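> dropping the sequence and predicted coords here.
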Amino acid sequence: NCLIMIDNSDAQVAVLFPCYNEEHAIAGVIMSYKQALPKVKIYVYDNNSSDRTAEIAAETGAIVRTEIRQGKGNVVRQMFSDIDADIYVLADGDGTYSADDAQKLISTLQQNQLDMVVGRRKDIHVDAGRVGHAAGNTIFNFLFRLMFTEGFTDIFSGYHVFSCRFVKSFPALSTGFEIETELSVHTLILKLPFTEVEVSYGQRIEGSLSKLSTFRDGIKIFYAFVLLMKEVNPFVFFNYMALWALALSIWFGFPVIAEYFKDGYVTQIPRWILSVGMLTATFVMFVVGLILDSVARGRTEQKRIAYLAVPPNNRIFEKAEN
């Protein structure tokens, strides 16, 4: 249940850190958030670390829990399920995000009555010196805007602030780093109020290594893009497929038709059969897109109903306005 507080200063804020082998960074990260947000509860979910991440986090004063299913998406899903708060801050435990920006993100959410605020990274190119990550971020942000819609400029930011209403109605189906994409798509299809706020982004603390594989996770994220587009916008997805089938049908069929008008008969029977098959597939995919578009619309309505079933923190927003 969401906690509704009378005074804005009494809002219960939960800071969430999904962690895997962050023993070198986690103590400093926890202390910086304690200083920046003295009244918050800090949760560290250890994701099968082989080092002392959980032990150090507990010694530093965080509430430590464990998620045995490997992957950031699995951790975030469990966090959202377990923890009750008014406002949720989701960040990485590697020290790349500044705790000093947290209050700015929280204030933006409250003052503008938003459901999500994304920390847009100022210096993404310094991601531990890994040029592949920065290039991949640019490419995938472009693909996201192409496949879905405008609205986000940094979909892979690990710095988010959420309302309780968002957290308790978010399905969280992803298992890995695709979770950030799912958060963005969910926000857009339900037309939830959100914004991006620029935050600083620095080098990892020495000893902290990136868990993101440029190519392996890049393939997973691209697959998630395709899957999400099929689920939330099947009409466009299947029409793309239909256009490819139509293009193949024309490519295979044009020489056959040209031969028929020239000589009055057809010798390339297999090519003609393939052309007709591709044309049939074009119509089938168009119809499938129409049908699944109605199904997707119904699913979106159900998600919206689930979102509306969670009461908003109106009194906190009213205090923020004053």
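That came in fine, so what should we check first? Numbers count the residues shown, from 1 in each chain.
> rest of the way, CA atoms for contacts and neighbours
Fine.
> where does the stretch 101-250 of the chain have low pLDDT?
Across the stretch 101-250 of the chain, the ranges flagged by pLDDT under 70 are 124-136, 204-214, 217.
> Ser50 falls within a strand, correct?
No. Assignment of Ser50 by DSSP: H, G, I helix; E, B strand; the rest coil gives coil, placing it outside any strand.
> residue contacts, it?
Shown in contact with Ser50 (C-alpha atoms under 8 Å, 6 or more residues apart in numbering): Asn21.
> mind listing the helices in the stretch 101-250 of the chain by residue range?
Assigned by DSSP state H, counting those that start in this stretch, the stretch 101-250 of the chain shows helices spanning 102-111, 131-147, 164-167, 179-189, 216-232, 234-263.
> turn the ones you listed into JSON lines, columns for distance to Ile63 and mean neighbour count.
Output for the helices of the stretch 101-250 of the chain, formatted as JSON lines (distance: least, C-alpha to C-alpha, whole Å; neighbours: other C-alpha atoms under 10 Å):
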{"stretch": "helix 102-111", "distance to Ile63": "19", "mean neighbour count": "19"}
{"stretch": "helix 131-147", "distance to Ile63": "31", "mean neighbour count": "16"}
{"stretch": "helix 164-167", "distance to Ile63": "19", "mean neighbour count": "25"}
{"stretch": "helix 179-189", "distance to Ile63": "23", "mean neighbour count": "20"}
{"stretch": "helix 216-232", "distance to Ile63": "29", "mean neighbour count": "16"}
{"stretch": "helix 234-263", "distance to Ile63": "42", "mean neighbour count": "17"}
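> and Ile87, which of those is closest to it?
The closest of the helices of the stretch 101-250 of the chain to Ile87 is helix 164-167. By C-alpha to C-alpha, the value is 5.9 Å.
> list the strands paired with the helix or strand that Tyr45 is a member of, with their directions.
Element membership for Tyr45 (DSSP states H and E) is strand 41-46. Partners of strand 41-46 in the sheet, by DSSP bridges, are strand 13-19 (parallel), strand 63-66 (parallel).
> so which of these has the densest surroundings on average?
Across the strands paired with strand 41-46, the average number of neighbours (mean count of other C-alpha atoms under 10 Å) peaks for strand 13-19, which reaches a mean of 24.
> could you list the buried residues of the helix or strand just after that one?
With elements assigned by DSSP H and E, the helix or strand that comes after strand 13-19 is helix 26-36. For helix 26-36, burial by neighbour count (16 or more other C-alpha atoms under 10 Å) applies to Ile26, Ala27, Gly28, Val29, Ile30, Met31, Ser32, Tyr33, Lys34, Ala36.
> list the contacts of the residue nearest to His186 when sequence neighbours are not counted.
Nearest non-adjacent residue to His186, counting by C-alpha to C-alpha, 6 or more residues apart in numbering: Phe170, 7.6 Å away. Phe170 makes contact with Leu183, His186, Tyr307 under the criterion C-alpha under 8 Å, 6+ apart.
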